[in-house]
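# sequence-free structure coming up:
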């Protein structure tokens, strides 16, 4: 394999005809001229676009699974009239650049960037997105869904490569193999160069079991660079003879926890069996705590119009990254791979897990959008009085100690001093575990909430579970204030999950455990059920006996006893709908379809009628666009599978966006 090595800035100049081009760069990181390829870092620009920045081909190839020796970076860039195409390699200081191959292929005009005449669905927004040829794209994924790899020779003349989708599937599902006799009828809207026959002749579906399909999604996960917009092109073609007319199969399309299409019907979109069609969507993957985030795509049957089949299909998928406003397409290098530590290094943790629980459990916990401040009153936007009892069941007790460097330990003497020996005048609440006291630490400079475990309490095992909402005379809080409170609470949970040295799973997120100080600043409290999350990258969950509060509990955690931070996300979704609808999580006396807030609210959201369940006090005050965004976030938190729920960082971003929408609506004069 030959390579061109650059020790200083170098520019290739190509005289090309105007129009959009595929630009493919081939890298084979190996030893060249006795140079250490791991020391190669460089930037690459093409005309006005930055394609790579301090790029390491060595780190990039090491992160690809399954392992490979070489890889290709593909970009789409338009060359304008009287413009030459220039590729400029700029080695980083004391480093060098290299390239093994460059390929430039023309494509039809308006193939991916379709201009103002073809607005694209902007997922999560009410407006359209207009993509023209001034935007550069990077190909991130191109998949033959349900089929085999297709090399560049098998493409439609543009030498694209299509890969299998199996490596990105959340769970294995059915696929329809390639059948040579299937006739694909291309159209003017979907010409033959759109995708090869083999893409449209194979598909992946959910399978033949409607009951199974209704309780799951057809889901793919794709690691992508955070902080960019992405174009997703979904290819469809219904080739099964039993699906020939409209409303035989209708499904929802979710992209990154948001509804992109409510009633996708391939026959309706394409015009008939064997006719291909594609749909384009734009989605923002916001900045998070990690440079890489999962972009997920999920399909789910929509039975509202009573279609014949409870199923969903996909034939092909292309994902492109869009340049930012300053012309940047460059992401960060992958993290260097590090071997996991030997198992014996975790022996101290295993020893601690064998320890016995103290007969008195004292928990002091304050985590909020910022750490500190006083917790004095419960987050209760609305006030009801209701009570229910659950049949007690015996359960095993599993405990684990947190690492000594995670949080401060308080002695019993310190706690007694903080609460004046548990003076009744300091009681601010009670719960299933015992009584909550207001106290002061650090010479009275910091107020805290302290819960003392009642020795007779076996919450989660034998004691009945109670939630009491006390009626108040104060007026219901306005919508903006509710949003700010929810943002503060979400930031607290985000800190627990990703801001500390170790992940902490709260395990009992509910409205009465989200407290407010005198300035109505939200704090997450009551860590009596909290658990340390997975302590190594090889762990995906913590196996533990189910505990939590009825109405808030993650059904996946309850079913599998696998605890993850996404269990907190589910519970927080219930809290969000409480805030929106002003009703408790469970009303046992209501009919089945109304008893559970989570199920009841999700049905209204999926029908597009969430306005019918909004707290009446918010009517005329809350902007519909803000309400819809808020409900969308709450709904995404309540997905049945934890992997499909957003991270708390994404929830924070979504809630802040809902607040921005409300503020914008208030500034916009009504006509």
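Perfect, I can see it now. If you're wondering where the values come from, they're calculated on a predicted model, not measured in any experiment.
# mind naming the longest helix for this structure?
Scanning the chain for the helix with the most residues, using DSSP state H, yields helix 648-667.
# and stretch 427-443, average pLDDT?
Regarding stretch 427-443, the rounded mean pLDDT is 71.
# quick one: buried residues of stretch 616-630?
617, 618, 622, 623, 626, 627, 628, 629, 630 (16 or more other CB atoms under 10 Å). Bear in mind the C-beta positions are built from the backbone N, C-alpha and C, glycine included.
# scratch that, stretch 214-232
For stretch 214-232, the buried set under the neighbour-count rule, 16+ other CB under 10 Å, comprises 216-220, 222, 224-232.
# can you check stretch 30-39 too?
So for stretch 30-39, counting by 16+ other CB under 10 Å, buried means 30, 32, 35, 37.
# okay, the residues you listed in TSV with pLDDT, distance to residue 120 and secondary structure next?
Formatted as TSV, these follow (pLDDT from 0 to 100; distance: CB to CB, whole Å; DSSP: H, G, I helix; E, B strand; the rest coil):
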residue	pLDDT	distance to residue 120	secondary structure
30	89	41	coil
32	87	43	strand
35	92	44	strand
37	94	40	helix
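# between the residues you listed, which sits nearest residue 576?
Set against residue 576, the nearest of the buried residues of stretch 30-39 by CB to CB is residue 37 (49.3 Å).
# leaving out chain neighbours, which residue sits closest to the closest one?
residue 29 (4.7 Å; CB to CB, 6 or more residues apart in numbering).
# wait, doesn't that neighbour sit right on residue 63?
No: between residue 29 and residue 63 there is no contact under CB atoms under 8 Å: 11.7 Å.
# surely residue 80 and residue 20 touch.
No: under the criterion of CB under 8 Å, residue 80 makes no contact with residue 20, lying 10.4 Å away.
# sorry, back to before: helices and strands around the longest helix of the chain, which ones?
On a contact count with 3 or more CB pairs under 8 Å, 6 or more residues apart in numbering; DSSP states H and E, helix 648-667 meets helix 479-494, helix 565-581, helix 624-637.
# what's the most buried one of these?
Ranked by mean neighbour count, these are led by helix 565-581 with a mean of 26 (mean count of other CB atoms under 10 Å).
# give the rounded mean pLDDT of it.
Per-residue scores along helix 565-581 average to 93.
# please name every helix or strand in contact with it.
Judged by 3+ CB pairs under 8 Å, 6+ apart, helix 565-581 is in contact with helix 479-494, strand 504-505, helix 555-560, helix 597-607, helix 624-637, helix 648-667.
# mean pLDDT lowest for which of the ones you listed?
Mean pLDDT, when computed for each of the helices and strands packed on helix 565-581, is lowest for helix 555-560, at a mean of 76.
# same drill for residue 29 and residue 63, tell me which one is more crowded.
Neighbours per residue (other CB atoms under 10 Å) separate residue 29 from residue 63, with residue 29 holding more: 21 against 16.
# over to the more buried one: give its phi and psi.
Main-chain torsions, residue 29, degrees, to the nearest 10: phi -70, psi 110.
# circling back: got the helices and strands packed on helix 648-667 as CSV, with distance to residue 650 columns?
CSV is the format used below for those (distance: least, CB to CB, whole Å):
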stretch, distance to residue 650
helix 479-494, 9
helix 565-581, 9
helix 624-637, 8
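# next one: the residue nearest to residue 533 when sequence neighbours are not counted from residue 632, what distance?
Distances taken as CB to CB, 6+ apart put residue 503 closest to residue 533, at 3.1 Å, once the chain neighbours are dropped. Using CB to CB, to the nearest Å, residue 503 is found at 26 Å from residue 632.
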